[in-house]
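Colleague: Turn this into a model:
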Amino acid sequence: MNRKNRKNQLSKDDLRAVGCDFIEFLAESKRRSITDRTILKNIYNEEFRHRDGVRDPNFSSVLFVLRNCSNARITRSGHVYFNTNVRTFLLITTAILLWMPIYLNDRYKPSSEITQNVKYKECHLHTLQSAVIYNVVLFFEFPFDILQHLSMRSSVAALYLPRSVFISDKSGVRVSSELQIEDGMIQLFVEKAEICELKLFVENTGQDAVYFTYYTALHWLQYFTLEDSRRVTRNNPLRLEPCEKYEVTLRFKAEQIGVYPATLAFEFKENTQPATRPFHIVRFIQAEYRSELAALLGPEAPFRPKRLETYEPARCNIEEGVPPESFARNLLKFVVPLDNYTHPSYISDLAEVLKGSRSFPKLQEQKSLLESDLGFHNYLERFDLLLYLEEDQMRLDIKRYNKDDVSMVKDCENKRLLLLELPGVSENRPSVLRGDHLLLTKSEEVQLSTVTKYKGYVHRVELDQVKLGFSRRLLDGFIDNMKFRVEFTVNRLPLKLQHRAVHMAVQHELRDVLFPVGSRSVTPESPPALRLFDQKLDKNPEQKNAVCNIVAGTSKPAPYLVFGPPGTGKTVTIVEAIKQVKLTHLHNIPDAYILACAPSNSAADQLCEKLITSEHVDARKIYRVYASSRNPKDILKGNTIIFPCKEDLMSYKILVSTLVTAGRLVSGGFPIGHFSHIFVDEAGHAVEPEAIISVAGLLNAETGQLVLAGDPKQLGPILRSPFAIRYGLGLSLLERLMTQNELYQKGTTGYDNRYVTKLLRNYRSHPSILKIPNEMFYDGELVACADEMISHQYCKWEHLPKSEFPVIFHGVIGKDERESNSPSFFNTSEIDIIIDYMKKLLTQAKKGIAKISPKEIGIIAPYRKQVEKIRKAIKLHRELKSFLGIEELKVGSVEEFQGQERKVIIVSTVRSDKKHIILDETFNIGFLKNEKRFNVAVTRAKSLLIMVGNPIILRTDATWGRFINYCIEEEGYTGYDISNLEETDAVVERLLALNIREEIIVETEESVVQQYLNPEWRHDH
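Modeller: Take a look at the predicted model:
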């Protein structure tokens, strides 16, 4: 605020600025403890009001504004209490206003109207549209709560001024340090909770004297202290002669692991005249308290975004390789063709149109199709287009794994095979199965206009290496350690089966199944009185009701939905329904045949195992149909895969397979209507075209019954294309019916049990763990019914902040880091906390709590790099790495834990940088802005839930804010003391945003999902 030239009438902001200056004046003169209003008024009038020759407003006006802005509290007895965390940021605001007109005139050339508004006296930031980036560029060094307030208080999220303006030395004055300063940043690393000192030097390198008038740390002062021998203040400036250097000492101490940024501002004047404008130099401090282990986990190399190699030769010859002999005995002859569904050439152009970067009038029809609502009239065309868009992105994403100058050697066991090292293949990154192929080009030929690509078929996958079969032409000239470029390819079989399914759905008129309008029964049958095989279900009215309605067929031809929230026994319900259908139809209708499917092999295996081990089902009447690519070691029984002929397969009463493998039954010519019932477990995990692979061409819409079981409140299928996601491919059939079809909507009396049953009894989690997801996602209807011997096991754990409350939120202020060419994030401060909890958990048997095995603990992180760093930390830790069974500890993404449970779940949220939240929200990654990911993570835990994260960042999200507040209210919060958060309103009034760091952005065709999450590539064929 230019006090010299101001008008008589001051604004509220001006009055508040004067008030904050007065509070600072009291602090400088060590009189902040004074609360008597009369004494404060006398100090204001006699010492402060006329201190620089300009008459300030009266004390009462200033105090009134401070009270209304919550910067002061006045008691009835006349005492005044100023907010202890108020800082004066006027010096930085002044600096911005001084530099801004010059900078904008030089760089942005604003309009005359804007220029007139940019004055030293005041600046209306909202008029500076030419200098503003809205809600995108937010800087790291200021507190996250301030940034949040900025975004709420103004349309201006950040003023786009270069960092150099604030950090550059000026007028011959240099601010240096005993540590290296890089781009204005000084980094401190401490490994003990003790005071760390840093010397800063203010040096006059000019030819004239200059006055050092003021300096301060703008925030986080509870961890930093500043000291100088002359106690420099505006009332006690220091004259620096030419070549004179002055020392300022900064001390840092924190009790909690984490990263603590501070912004130091130094103010100087050429003389002490009141009218002389000051200039400023800013330095940024980043103090990190970490362990020795965390230091080893830091970036291995600076982050350098990598562009995907897209070079393609003008001409390419493919040299066919040698495929492996099939493990499977395939007796099923394919009589229904599977077309190639070739990826149209215009799809890449369509992606550019949808991105908004190009315009192709010829593609307007396709764009309009995607923007229209899904219906049976456009079912085929719309899903074809969405699948092509997804495939287009898959083709781009798979290039991430391409490798240059990779060597191979001959397999010592079979000289006709070549051995290729492929780190990550054991985790399906990417998925490489027996029978798949890779394309290899000799390194010296890569840049030729015509190249030969050798197709190598996968014969065997062993940990992180594969054995490949190539043509004789390559083998004859092969020498060990020859160099090749390796290219991965997308397995198109699942995509082709999905295309065929949507075509057959229309061809066979499945309208009443896919877009149901009601039951055909005029008077619905009453559900039969059943004698349940699993007697536990007799005590669960919802499970029993679902089974009875499925057997009665109350929904036909509409699908019957089993809405199964976490831990409610969804699969158990499906298994009981399958057994009851088989038994009931044995007595009534002799031709009951059942197909039971799931999206993944693990879910299908679980379904089959529960059926086979049941004493009420003849195991000889059940057949698990495997894909020929399945590893025989993973098969439930035997060591070979046999695919019987159609007649033999049709003799089994129950077939179990993945959704994709069910497509082989269609290809094999199974007659429509052979299966009276088709069950799809975990239906929410599959895209709709995948779900109907098991339906189209097999189910008779008139007589058959489709049953879908899942939870639309949990994560759906993983997709890569942002356009496939935007236009609905990520919406499962289960979720589409529950959210868009009236039959499945919840009414005033609940769901219509003729079409859907919601299971309500949770048999997994402690009530305290269940409470928030129950209230937020399940209308508070879930009932905690878990075995208390398990769910209450950690209620007395000595490391709980509060006994009997087995939920912990451990607050830590870390930092998002990246390394090398990986854009995925990690946070070593959170890893420090996690490792400490792991040590406590695995040694708890010594303290009276039952010993826990590592396989009963799960660690969840949203980003692939954090998963890798946690695994590395465990391998480096001298105690944990040798703990018995530590290799069974699962560390993975939320998606990898869906459908699973553990006694103890530890969640690392990673996020500590405000500017990355926009990326998370835009692309639906990470925890923030993704309720489903939060829901899945929280509901995996049976006995103990430990969340580790930045409370300031997470509380900007409503879901996380509610969870953190719940932990605070129940005294389950620990770690960073959020009661120390500084008052931010005073900052916001003066700061209204300052950008000092731009995000590194590199254009790449790779999907954001691939870059940050790097999910497994599906291989459940």
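Colleague: According to the record, where do the domains of this structure fall?
Modeller: As assigned by automatic domain parsing, the chain contains the domains 12-82, 93-161, 165-289, 494-759, 767-974.
Colleague: Least confident of those, on average?
Modeller: Considering these one by one, the lowest average pLDDT is found for domain 93-161, at a mean of 35.
Colleague: before we move on, the earlier item: mind giving me TSV with the domains of the chain and columns for mean neighbour count and distance to Lys362?
Modeller: Backbone N, C-alpha and C define where each C-beta goes, glycine included. Output for the domains of the chain, formatted as TSV (neighbours: other C-beta atoms under 10 Å; distance: least, C-beta to C-beta, whole Å):
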stretch	mean neighbour count	distance to Lys362
domain 12-82	16	55
domain 93-161	17	33
domain 165-289	17	48
domain 494-759	20	18
domain 767-974	20	29
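Colleague: Nearest to Met408, out of these?
Modeller: domain 494-759 (22.4 Å; C-beta to C-beta).
Colleague: Check the separation of the first and last residues in that closest one.
Modeller: End-to-end span of domain 494-759 (C-alpha to C-alpha, to the nearest Å): 32 Å.
Colleague: that older thread, with respect to Phe484, which of the domains of the chain lies nearest?
Modeller: Minimum separation from Phe484 across the domains of the chain (C-beta to C-beta) falls at domain 767-974, 20.6 Å.
Colleague: Report how far apart the opening and closing residues of the closest one are.
Modeller: End-to-end distance of domain 767-974 (C-alpha to C-alpha): 20 Å.
Colleague: Determine the number of other residues adjacent to Ile398.
Modeller: If you count neighbours by other C-beta atoms under 10 Å, Ile398 ends up with 21.
Colleague: my bad, should have said Tyr763
Modeller: Neighbour number of Tyr763 under other C-beta under 10 Å is 21.
Colleague: coming back round to it: make TSV out of the domains of the chain and add distance to Glu444.
Modeller: What follows is the domains of the chain, written out as TSV (distance: least, C-beta to C-beta, whole Å):
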stretch	distance to Glu444
domain 12-82	69
domain 93-161	45
domain 165-289	41
domain 494-759	33
domain 767-974	24
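Colleague: Of those domains, which is nearest Arg400?
Modeller: So among the domains of the chain, domain 767-974 is nearest, using C-beta to C-beta, at 9.7 Å.
Colleague: now the closest one, how far from the centre of its chain.
Modeller: 13 Å (C-alpha atoms, centre = their mean, to the nearest Å).
Colleague: And the domains of the chain: which comes nearest Ile398?
Modeller: It is, among the domains of the chain and with distance given as C-beta to C-beta, domain 494-759, at 9.7 Å.
Colleague: Val322 is nearest to which of the domains of the chain?
Modeller: Evaluated over these, closeness to Val322 peaks at domain 494-759, with 16.8 Å, by C-beta to C-beta.
Colleague: List the contacts of Leu595.
Modeller: Ile654, Leu655, Ser657, Ala662, Leu665, Phe675, His677, Ile678, Phe679, Ser694, Leu698 (C-beta atoms under 8 Å, 6 or more residues apart in numbering).
Colleague: which stretches of the stretch 251-400 of the chain form helices?
Modeller: Using DSSP state H, counting those that start in this stretch, the helices assigned to the stretch 251-400 of the chain run over residues 292-296, 347-355, 364-371, 379-397.
Colleague: out of those, deepest packed?
Modeller: Across the helices of the stretch 251-400 of the chain, the average number of neighbours (mean count of other C-beta atoms under 10 Å) peaks for helix 379-397, which reaches a mean of 22.
Colleague: Mind checking the domains of the chain for the one nearest to Asp349?
Modeller: domain 494-759 (12.4 Å).
Colleague: how far does the closest one sit from the chain's center?
Modeller: On C-alpha atoms, centre = their mean, the centre of domain 494-759 falls 30 Å from that of its chain.
Colleague: Ala314 and Leu474, how far apart?
Modeller: For Ala314, the distance to Leu474 (C-beta to C-beta, to the nearest Å) stands at 22 Å.
Colleague: Give me the more crowded residue out of the two.
Modeller: Leu474 (21 against 8).
Colleague: Now do the contacts for that one.
Modeller: Contacts of Leu474 were listed using C-beta under 8 Å, 6+ apart, and they are Glu319, Tyr454.
Colleague: Check which helix or strand it maps to.
Modeller: helix 472-476 (DSSP states H and E).
Colleague: Now render the helices of the stretch 251-400 of the chain as JSON lines, adding distance to Val910 and mean pLDDT.
Modeller: Below are the helices of the stretch 251-400 of the chain laid out as JSON lines (distance: least, C-beta to C-beta, whole Å; pLDDT from 0 to 100):
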{"stretch": "helix 292-296", "distance to Val910": "14", "mean pLDDT": "90"}
{"stretch": "helix 347-355", "distance to Val910": "28", "mean pLDDT": "90"}
{"stretch": "helix 364-371", "distance to Val910": "33", "mean pLDDT": "93"}
{"stretch": "helix 379-397", "distance to Val910": "21", "mean pLDDT": "95"}
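Colleague: Could I get those in CSV, plus columns for distance to Val625?
Modeller: Converted to CSV, the helices of the stretch 251-400 of the chain look like this (distance: least, C-beta to C-beta, whole Å):
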stretch, distance to Val625
helix 292-296, 47
helix 347-355, 33
helix 364-371, 35
helix 379-397, 24
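Colleague: Out of these, which is closest to Arg37?
Modeller: Of all those, helix 292-296 sits nearest to Arg37, with 49.8 Å by C-beta to C-beta.
Colleague: Residues contacting that closest one, please?
Modeller: The contact list for helix 292-296 (C-beta under 8 Å, 6+ apart) reads Phe189, Glu191, Ile257, Thr828, Ser829, Ile831, Asp832, Ile835, Ala873, Leu876, His877.
Colleague: from the residues you listed, which ones fall inside helices?
Modeller: Mapping those onto helices (DSSP state H) picks out Thr828, Ser829, Ile831, Asp832, Ile835, Ala873, Leu876.
Colleague: Now Gly663: phi and psi?
Modeller: phi -60, psi -20 (degrees, to the nearest 10).
Colleague: which SS state does the residue nearest to it when sequence neighbours are not counted fall under?
Modeller: Once flanking residues are discounted, Gly663 sits nearest to Leu497: 3.9 Å by C-beta to C-beta, 6 or more residues apart in numbering. Here Leu497 is helix, with the state taken from DSSP: H, G, I helix; E, B strand; the rest coil.
Colleague: circling back: what is the nearest of the contacts of helix 292-296 to Asp411?
Modeller: Nearest to Asp411 among the contacts of helix 292-296 is Leu876, at 33.0 Å by C-beta to C-beta.
Colleague: what are the phi and psi values for the residue lying closest to Lys333 once chain neighbours are set aside?
Modeller: The shortest distance from Lys333 to any residue other than its chain neighbours is 6.7 Å, reached at Gly668 (C-beta to C-beta, 6+ apart). Per-residue torsions, Gly668: phi -80, psi 0 (degrees, to the nearest 10).
Colleague: quick one, what contacts Gly668?
Modeller: For Gly668, the contact set (C-beta under 8 Å, 6+ apart) comprises Leu332, Lys333, Phe334, Val335, Val336, Lys646, Leu649.
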